[in-house]
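1. Sequence plus predicted model, see below.
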Amino acid sequence: MPKFLIARWHGMHNIAAMAVMLILSAVLAWFHWIAGAAGLALTIGVGLYGYLAERAFRKDLKAYLGTLSYRVKKGGNDVISELPFGIILYNEDRVVEWHNPFIAALAEKESAIGMPLTELFPTLQHAKEREGIVEATIGNHMYQLIFRPKEGILYVKNVTELWQLGRKYEDEKLSLGVVMIDNLEEVTQGLDDHQRSSLLSKVTSEITEWAQKYHIYLKRLTSDRFLLITDLKTLRQLEHSRFVVLDEVREMTGDQKIPVTLSIGFAAGAESIMEVGQWAHMSLDIALGRGGDQAAVKVGGRQTFYGGKTNAVEKRTRVRARVVAHALRDMMRESHNIIIMGHKMPDMDAIGAAIGVLKAAQLFNKEAYIVLESVNPSIDRMMELLREDERLSKRFITPEQALALTTPQSLAVVVDTHKASMVKEPRLLTLTDRIVVIDHHRRGEEFLSNAILVYMEPYASSTCELVTELLQYIHERISLDIREATSLLAGITVDTKSFSMRTGARTFEAASFLRRNGADTMMIQRMLQEDLEGYVSKAEIIKHAEVLYDHVAIAVAEHGRRNPQVLIAQSADTLLNMTDILASFVISERPDGLIGISARSLGGMNVQVVMERMGGGGHLTNAAAQLEGRVEDAAAKLKDVLQQIESEEGLFE
């Protein structure tokens with residue numbers, strides 16, 4: 001039993017004994033006073049003895065407790081000194097007031113008292129004073145800092161082994177990839193068997209050497225497709241190298257009429273192997289949808305792209321156009337009605353393509369409508385032309401009317417975009433599962449995945465070109481009136497800058513078909529006329545242009561001056577006509593308060609990659625982005641992005 005309990009029991013026992021003896025003395029005095037006096041004397045003697053004994057006992061107890069306190073204090077100090085984690089007491093100024101030896105060893109000093117926490121742990125310079133956990137790296141060690149601000153205490157744990165184990169786990173995660181020769185059919189047309197085999201052998205050897213260099217397991221699936229198996233650490237190395245095999249294969253086959261290009265889809269970080277495989281194939285589809293000659297990588301929720309320096313190769317065969325046309329025809333016949341939508345603030349390509357799909361629906365006697373509300377000022381003249389025809393004008397409806405007309409049996413056709421966030425009325429796409437996408441833009445991460453028919457060809461000059469080809473196969477006897485043919489040709493004309501950019505043989509074939517059906521080029525010329533005020537506004541923007549990297553022009557409109565998006569785009573087109581300018585960027589406030597950026601290039605720079613880093617997208621030669629904030633901040637961000645790309649891989653091919 002502890003001594004302090006013994007002392008307490010001993011004192012209580014003495015008091016009880018004295019009380020009993022006093023009671024007995026009183027009883028004896030009642031019967032005989034001499035016996036009572038003797039008992040009282042005895043009681044006084046016993047009480048005196050007990051007091052002296054108690055006093056001696058408490059003196060011994062005090063000495064014992066003093067020894068015990070010393071032992072406890074010494075043991076506590078030893079424990080704190082040997083703790084496998086650090087303890088810091090700090091004041092309101094976040095300066096160390098006391099610490100245990102663990103911290104001295106960490107700081108490699110005899111004492112860290114008086115040092116600011118931010119000097120001891122530089123990571124804390126950007127951390128707020130709050131209760132929680134912060135990770136900090138010192139040398140090759142990782143520490144976990146646990147704050148207790150109310151008490152002014154900081155606990156420091158060395159979690160290096162746990163961190164290394166976690167990093168090793170991350171590095172060894174399964175990564176799957178698929179490599180595809182995306183233009184094999186076009187490259188090998190006209191080659192004999194020997195030449196074809198020799199070319200395939202060269203390309204395969206290059207891919208094999210690249211895989212061996214990074215210790216990747218490579219398995220050939222078909223003549224133009226390969227499976228890659230590796231880990232996340234190697235995938236990061238491939239990303240750091242920016243998938244150099246893309247450039248190597250293209251340069252190696254540069255002597256061919258059409259160089260061989262690759263498309264790569266990679267994925268990692270999913271919860272199951274099956275999901276990783278699905279992500280890899282989805283990434284390959286995105287790379288192909290963006291025109292090929294690039295790698296698309298999906299790691300967790302992050303999707304990144306590498307390469308994409310060349311324009312998509314025009315397909316020489318129209319087999320896919322015929323197959324899609326027949327599928328679209330069957331879907332139209334089975335639909336209750338057809339709702340056609342373009343993107344917000346539609347341009348001539350979106351309206352022209354919608355008119356073409358409307359014509360296809362009318363061939364099968366189906367009720368079809370085009371969703372349109374706000375009109376882009378650049379298509380005012382086009383809409384005036386269409387409204388002159390009562391048969392066409394009554395087919396344009398508002399988003400509210402479209403929602404009322406849409407049923408599960410309706411067919412929704414989305415033209416000139418493949419993003420739900422870009423269409424005029426996204427809610428409409430939730431009312432029916434029958435969705436068709438026709439677009440010529442390079443595929444982005446956002447995509448209408450529930451579409452049952454997708455016709456996306458980034459090689460095409462415009463969506464109007466694709467729709468024109470579909471019309472030629474969708475019905476045996478097709479006849480367009482002047483306004484329908486002119487609208488489609490206007491869309492092609494605008495997107496090709498009057499057939500000067502992004503044109504192929506099929507572009508001119510589509511234009512020829514429309515011309516035969518009565519398309520009026522003079523009417524298109526009137527549609528594209530500029531007014532004097534717009535021309536002066538363009539000149540105001542262009543006069544602020546500066547040239548960077550010898551060939552990149554950046555024009556920033558004056559703060560507070562708001563210009564419509566079409567004027568911003570036209571200014572970028574005009575800048576591209578200047579001598580030695582290979583790429584142009586125009587930044588201006590828009591009437592809606594956002595900052596609009598239009599980017600153009602002659603093909604030497606992939607402006608789509610630049611705009612994607614700015615939160616936008618588009619084509620290799622034609623892209624845009626919208627930001628919030630000020631034009632000065634947008635310009636600074638654009639220059640930072642250009643500098644990053646220049647340091648990583650160079651701005652120009």
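-> It's in.
2. which residues touch residue 515?
-> The neighbours of residue 515, taking CB atoms under 8 Å, 6 or more residues apart in numbering as the test, are 485, 489, 521. Every C-beta, even on glycine, is put in place using the N, C-alpha and C of the backbone.
3. Name the SS class of the second one, please.
-> This means residue 489. Following DSSP: H, G, I helix; E, B strand; the rest coil, residue 489 is assigned to helix.
4. Please give the element, helix or strand, for the closest residue to it other than its chain neighbours.
-> Take residue 489 and drop its neighbours on the chain: the residue closest to it by CB to CB, 6 or more residues apart in numbering is residue 519, 4.0 Å away. In this structure, residue 519 sits in neither a helix nor a strand according to DSSP states H and E.
5. other SSEs contacting the helix or strand hosting residue 106?
-> In this structure, residue 106 sits in helix 101-107 according to DSSP H and E. The helices and strands touching helix 101-107, judged by 3 or more CB pairs under 8 Å, 6 or more residues apart in numbering; DSSP states H and E, are strand 86-90, strand 153-158.
6. average pLDDT across the helix or strand just after the longest one?
-> Under the assignment DSSP H and E, the closest C-terminal helix or strand after strand 153-158 is helix 160-171. Predicted confidence along helix 160-171 averages 86 (mean pLDDT).
7. Could you pull out the buried residues of helix 160-171?
-> Judged by neighbour count (16 or more other CB atoms under 10 Å), helix 160-171 contains these buried residues: 160, 163.
8. can you list contacts of that helix?
-> The contact list for helix 160-171 (CB under 8 Å, 6+ apart) reads 135, 140-143, 231-233.
9. mind listing what residue 245 touches?
-> Taking CB under 8 Å, 6+ apart, we find residue 245 in contact with 206-207, 210, 262, 264.
10. Tell me where the stretch 451-600 of the chain has strands.
-> Here the stretch 451-600 of the chain has its strands, by DSSP state E, counting those that start in this stretch, at 453-456, 545-548, 552-556, 583-589, 595-601.
11. would you turn those strands into TSV with mean pLDDT and distance to residue 215?
-> What follows is these, written out as TSV (pLDDT from 0 to 100; distance: least, CB to CB, whole Å):
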stretch	mean pLDDT	distance to residue 215
strand 453-456	88	35
strand 545-548	92	40
strand 552-556	94	39
strand 583-589	94	38
strand 595-601	92	37
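12. among those, which is nearest residue 85?
-> Among the strands of the stretch 451-600 of the chain, the nearest to residue 85 by CB to CB is strand 595-601 (49.6 Å).
13. Run the angle between that closest one and strand 552-556 for me.
-> Interaxial angle, strand 595-601 versus strand 552-556 (axes from the mean of the first three to the mean of the last three CA atoms, to 10 degrees): 160 degrees.
14. which stretches of the stretch 101-250 of the chain form helices?
-> With DSSP state H, counting those that start in this stretch as the criterion, the stretch 101-250 of the chain has helices at 101-107, 117-120, 160-171, 184-188, 193-213, 232-240, 245-252.
15. As CSV, the contacts of residue 515 with distance to residue 300, pLDDT and neighbour count would be great.
-> Shown next, in CSV, are these (distance: CB to CB, whole Å; pLDDT from 0 to 100; neighbours: other CB atoms under 10 Å):
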residue, distance to residue 300, pLDDT, neighbour count
485, 48, 93, 25
489, 45, 94, 28
521, 51, 90, 12
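16. ok, the residues you listed vs residue 496, which is closest?
-> Nearest to residue 496 out of the contacts of residue 515 is residue 489 (CB to CB; 10.6 Å).
17. For that closest one, which residues are in contact?
-> Going by CB under 8 Å, 6+ apart, residue 489 touches 352, 464, 511, 514-515, 519, 521, 524.
18. I appreciate the help and will end here.
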